[in-house]
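Trainee: Need a 3D model of the sequence below.
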Amino acid sequence: QVSLLESGGGLVQAGGSLRLSCAASGSTFSDSAMGWFRQAPGKEREFVAVIHWSGGRTDYVDSVKGRFTISRDNAKNTVYLQMSSLKPEDTAVYYCAAARLFTRVAYQYVYWGQGTQVTVSS
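Mentor: Numbers count the residues shown, from 1 in each chain. This is a model prediction of the structure:
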């Protein structure tokens, strides 16, 4: 069992930066791949980034490559999403999730946080 709590969302101007955090409780965090997804109003949930349990492998959706960085600290049971050069189209609720596989596929994620709102103004 893993419980996830996101934080760090907010309102930022285009070109700005935010760092999202996802604190996990549960004994399986360090064995889990951790992903970030986002959902904008009226749109389907979208994969953003994933990091292997070891931290040694990452994957990103093309639209955020070079701007977002996912990382994790297994000692703190926390995964991060550093977002830079933010654009209005990055506006969404951002969710972290835990999976047993290194995957982009949402239904393969077993545990989900409640989400944190990111709003980028133009």
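Trainee: end-to-end on stretch 7-25?
Mentor: One end of stretch 7-25 to the other measures 14 Å (Cα to Cα, to the nearest Å).
Trainee: Tell me the buried residues in it?
Mentor: 8-9, 12, 18, 20-24 (16 or more other Cβ atoms under 10 Å). For every residue, glycine as well, the C-beta is placed using N, CA and C.
Trainee: Now pLDDT and secondary structure too, for those, in CSV please.
Mentor: Listed next are these as CSV, based on pLDDT from 0 to 100; DSSP: H, G, I helix; E, B strand; the rest coil:
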residue, pLDDT, secondary structure
Gly8, 98, coil
Gly9, 97, coil
Val12, 98, strand
Leu18, 98, strand
Leu20, 98, strand
Ser21, 98, strand
Cys22, 97, strand
Ala23, 96, strand
Ala24, 94, strand
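Trainee: Looking at those residues, spot the one nearest Ser84.
Mentor: Leu18 (8.5 Å; Cβ to Cβ).
Trainee: tell me the contacts of the closest one?
Mentor: Leu18 makes contact with 8-10, 12, 83, 86, 118, according to Cβ atoms under 8 Å, 6 or more residues apart in numbering.
Trainee: 10 Å instead, please
Mentor: Applying Cβ atoms under 10 Å, 6 or more residues apart in numbering to Leu18 gives the contacts 8-12, 68, 81-84, 86, 90, 94, 116, 118-120.
Trainee: Next: Val93.
Mentor: 6, 9, 37-41, 45, 114-119.
Trainee: Just give the nearest non-adjacent residue to Gly9, would you?
Mentor: Nearest-residue entry for Gly9: Thr116, 3.4 Å, with adjacent residues in sequence omitted and distances by Cβ to Cβ, 6 or more residues apart in numbering.
Trainee: Kindly state the beta-bridge partners for that neighbour.
Mentor: Thr116 has these beta-bridge partners by DSSP bridges: Tyr94.
Trainee: Touching, it and Leu20? I think so.
Mentor: Yes - contact criterion Cβ atoms under 10 Å: Thr116 and Leu20 qualify, at 6.2 Å.
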